[in-house]
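> Below: sequence and its predicted model.
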Amino acid sequence: MKVKFNYADRKLLFSPKSTLKELVKTIFFTETIEVNRVDYIFCSDQYLLEINQNILNHDYYTDIITFPLQDKGMPIKSEIYISLDRVKENAATHNTSPRKEIARVIAHGALHLCGYKDKSRKEKIKMREKEAFYIQHI
């Protein structure tokens, strides 16, 4: 399983990054999801807004967009875009540290690839429970 961190127009300042990569690997191992490769791409609000507008036809800021790229029935192959601007703002809004918020968002993307959704109230509660469960270990 490969977990890669890439940078569009923002750099992730988190040390050690291996802690976050282990978090992702733990999620997939525990959820018994076979993974080929997951690329996290860190970017700005503007960068992610353009993806949201041009690819998903959504005209709003978001902290994360997850794109599964594998064929049905194949091991996970994905690109996950994270706005570090939004993560920083969300951390302040929710009175948490940027470090905890980046871990939560990274876990959130991996959990989407495991099949968890967050559209309904019930799904959001389950997603938050799973995020909290996994990030408590780092």
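That came through, no problem.

> Which stretches in the protein count as helices?
Per DSSP state H, the chain carries helices over the ranges 17-30, 45-56, 84-93, 98-113, 121-135.

> most tightly surrounded among these?
helix 98-113 (a mean of 22; mean count of other CB atoms under 10 Å). Any C-beta I mention is one placed from the backbone N, CA and C, and that applies to glycine too.

> Which neighbouring elements make contact with that helix?
Contacts defined by 3 or more CB pairs under 8 Å, 6 or more residues apart in numbering; DSSP states H and E place helix 98-113 against helix 17-30, strand 35-43, strand 64-68, strand 76-83, helix 84-93, helix 121-135.

> picking that back up, for the helices of the chain, which one sits closest to Phe5?
Between Phe5 and those, the shortest gap by CB to CB is with helix 17-30, which sits at 6.0 Å.

> Outside of that closest one itself, list whatever touches it.
1, 3, 5, 14, 33-35, 38, 76, 102-103, 106-107, 110-111, 113-114, 134-135, 137-138 (CB atoms under 8 Å, 6 or more residues apart in numbering).

> now do the same end-to-end measure for stretch 109-129.
14 Å (CA to CA, to the nearest Å).

> Could you measure from the spatially most distant residue from the centre of the chain over to Lys130?
The centre of the chain is farthest from one residue, Gly73, which by CA atoms, centre = their mean lies 21.6 Å away. Separation of Gly73 from Lys130 (CB to CB, to the nearest Å): 23 Å.

> Same check on Tyr60?
24 Å.

> Same question for Leu12.
Distance from Leu12 to Lys130, by CB to CB: 22 Å.

> One more: Thr30?
For Thr30 relative to Lys130 (CB to CB), the value is 10 Å.

> Lys11 too?
Lys11 is 28 Å from Lys130, by CB to CB.

> do Lys72 as well
23 Å.

> Same check on Asp118?
10 Å.

> just Gln53 next, same as before
29 Å.

> Kindly report the same for His58.
Counting by CB to CB, the gap from His58 to Lys130 is 24 Å.

> Test my guess that Tyr81 contacts Asp63.
No. Tyr81 lies out of contact with Asp63 (CB atoms under 8 Å); the separation is 9.5 Å.
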